[in-house]
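> This is the structure alone, sequence omitted:
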């Protein structure tokens, strides 16, 4: 008798987004994507999930990405509800936003552009790599059995450049060009709508410290939905800041800014600046002692509002890092809270690396425009699904740590969660076993070989055997040396 997988019980909450046949096939691909070793192509996923995939033709699984009708937005909303159960109701919802490059090659792959490869580039050397740039919005959660925060992706969209790669032969995926910042702001609006009135804090790197974002994510925002959203980001050292405008005298147009204030760079160089020392939560869930000074002012640009922002200049006493200026539109945060909030943004970078290594995010090989739009969001959603299942259904997380005799792992990682999820799925396997147990040792193909189009004796024999309805093609046994 087969047992019921608790992971598949969580996946059953996504059934309203599909039709009945589509959901059954998606359930099979979910098991295959978790059990597969190597590329996460549809074929490799079916090989890993063969006991469940044999009841339908393999083309029906290919059509799940390129032809089936379902909404990624609806799936993201259902996933967001699952993630929201890991956060206390009175806590501020933190959203980490960033972009990642999924390397893809081929002249027939749509949406490819030449983008900066952050992994291979440095501050003084830039390397451009062909691929897809994805804008990802994730929810930062704190799990009791982990020492660091985790970022669970809930919404992402593909950015297509204004000019495609020269060698690419496919048409553009979008008629009109949208910048990464406009796409990210649209995703923020979407997720904030799912939050239903909760206070939200957006964590972004220096690319998102723009006047347009500071105008949108504050109490005086023109969008009513974003009036409860605040921004924490990185500011330029030479940012132009101004004081409060003087009182209106009744003559002429009211002023929007006051006198020019010293920039954070000038404040850091001033010998009279008062520096503070504090120990904060740093990268890698460590504690670090830093020096900081703070200030405030109105950040102004012609054509935009004069935003009141609070900034903190962080200096490493050891001198290993340069000075960094962090800014926020949230007046309720203290200086140390601003520093720790910006550090928590790094959890999304760890998510990208783990998704590439454990879930094969860069091993996809689909050419259909619809499949290209769906494959990476589904892969990142699978990452969040595994973490939610592990936090809810694993009673003793410490027993899942996979340590070596020469290395004692300090805390649970995503690789441990994925191994536990695989064990949970394998327990549902009947006496038939997995694909490797069935076909690898018997020397036969369980999937019919494709019909060859070339002319020749071997091709004609394969076509003749397929016309007769043969479903298995046996390999001849290997001859031994003695024979």
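Nice, thanks for sending it over. Just so it is clear, the structure is predicted and the values come from calculations on it, not from any experiment. Numbering: from 1, shown residues only.

> Off-centre distance for stretch 403-422?
Counting by Cα atoms, centre = their mean, to the nearest Å, stretch 403-422 is centred 21 Å from the centre of its parent chain.

> And for stretch 175-195?
15 Å.

> quick check: mean pLDDT across that stretch?
Taken as a whole, stretch 175-195 has a mean pLDDT of 93.

> same check, this time on stretch 118-131
In the prediction, stretch 118-131 has an average pLDDT of 87.

> quick one: buried residues of it?
For stretch 118-131, burial by neighbour count (16 or more other Cβ atoms under 10 Å) applies to 118, 129-131. Heads up, the C-betas are built off the backbone N, CA and C, glycines and all.

> for the record, mean pLDDT for the longest helix seen in the chain?
Counting residues, the longest helix found in the chain (DSSP state H) is helix 369-393. When pLDDT is averaged along helix 369-393, the result is 94.

> Quick check: buried residues in it?
Those buried within helix 369-393 under the rule 16+ other Cβ under 10 Å are 369, 371-391.

> Give me the next element, helix or strand, following that helix.
helix 414-426 (DSSP states H and E).

> okay but residue 351 is in contact with residue 151, surely?
Yes - counting by Cβ atoms under 8 Å, residue 351 touches residue 151, with 4.7 Å between them.

> any residues in contact with both of the two?
Common neighbours of residue 351 and residue 151 (criterion: Cβ atoms under 8 Å, 6 or more residues apart in numbering): residue 138.

> Neighbour count: these two, which is higher?
Neighbour comparison, residue 351 and residue 151: the larger count goes to residue 151, with 29 against 24 (by other Cβ atoms under 10 Å).

> what lines up beside the helix or strand the more buried one falls within in the sheet?
Using DSSP H and E, residue 151 maps to strand 150-159. Within its sheet, strand 150-159 is paired with strand 128-141 (antiparallel), according to DSSP bridges.

> Sort out which residues of the partner strand are buried, please.
For strand 128-141, burial by neighbour count (16+ other Cβ under 10 Å) applies to 129-141.

> Could you pull up the mean pLDDT of the strand holding residue 151?
Strand 150-159 shows a mean pLDDT of 96.

> next structured bit after it?
Sequence-wise, the next helix or strand downstream of strand 150-159 (DSSP H and E) is helix 180-195.

> Would you give the sheet partners of the helix or strand following that next one, along with the direction of each?
Using DSSP H and E, the helix or strand that follows helix 180-195 in sequence is strand 200-203. Take DSSP bridges as the rule and strand 200-203 pairs in its sheet with strand 93-103 (parallel), strand 229-235 (parallel).

> Tell me which residues are up against strand 200-203.
For strand 200-203, contacts defined as Cβ under 8 Å, 6+ apart pick out 92-97, 140, 188, 191-192, 208, 217, 228-233, 330, 341-342, 344-345.

> For the residue positioned nearest the centre of the chain, which non-adjacent residue is closest in space?
Central residue of the chain (Cα atoms, centre = their mean): residue 153, 4.5 Å from the mean position. Of all residues not flanking residue 153 in the chain, residue 380 sits nearest, at 3.9 Å (Cβ to Cβ, 6 or more residues apart in numbering).

> Would you check that the one you found makes contact with residue 156?
Yes - shown here, residue 380 and residue 156 form a contact pair, counting by Cβ under 8 Å, at 6.0 Å.

> which SS class is residue 279?
Recorded secondary structure, residue 279: strand (DSSP: H, G, I helix; E, B strand; the rest coil).

> OK, contacts around it?
Taking Cβ under 8 Å, 6+ apart as the criterion, residue 279 is in contact with 287-290.

> just residue 208 next, same as before
Per Cβ under 8 Å, 6+ apart, neighbours of residue 208: 97, 181, 184, 202, 231, 233.

> what about 7 Å?
Residue 208 makes contacts with 97, 181, 184, 233, as judged by Cβ atoms under 7 Å, 6 or more residues apart in numbering.

> Which one of these is nearest to residue 294?
Among the contacts of residue 208, residue 233 lies closest to residue 294 (Cβ to Cβ), at 15.7 Å.

> From residue 149, how far out is the residue nearest to that closest one when sequence neighbours are not counted?
Of all residues beyond its chain neighbours, the one nearest residue 233 is residue 209 (4.1 Å), with distances taken as Cβ to Cβ, 6+ apart. Counting by Cβ to Cβ, to the nearest Å, the gap from residue 209 to residue 149 is 21 Å.

> again, but for residue 424
Counting by Cβ to Cβ, the separation of residue 424 from residue 149 is 24 Å.

> Let me know the secondary structure of the residue nearest to residue 109 when sequence neighbours are not counted.
Leaving aside its chain neighbours, residue 109 sits nearest to residue 367 (5.8 Å; criterion: Cβ to Cβ, 6+ apart). Secondary structure for residue 367, judged by three-state DSSP, is coil.

> What residues does residue 94 make contact with?
By Cβ under 7 Å, 6+ apart, the contact set of residue 94 is 140, 201, 203, 344.

> State the number of residues packed around the second one.
Neighbourhood size, residue 201 [other Cβ under 10 Å]: 22.

> Repeat that for the last one.
Here the count is done by other Cβ under 10 Å, and residue 344 has 20 residues near it.

> Output the contacts of residue 208 as TSV; include the columns neighbour count and distance to residue 224.
Shown next, in TSV, are the contacts of residue 208 (neighbours: other Cβ atoms under 10 Å; distance: Cβ to Cβ, whole Å):
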residue	neighbour count	distance to residue 224
97	29	21
181	19	20
184	26	19
233	25	22
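
> So which residues of the stretch 201-350 of the chain form helices?
211-216, 264-269, 335-343, 347-359 (DSSP state H, counting those that start in this stretch).

> So, low pLDDT: which residues of the stretch 1-150 of the chain?
Along the stretch 1-150 of the chain, segments meeting pLDDT under 70 span 1-4.

> How much space separates residue 296 from residue 235?
Distance, residue 296 to residue 235, by Cβ to Cβ: 12 Å.
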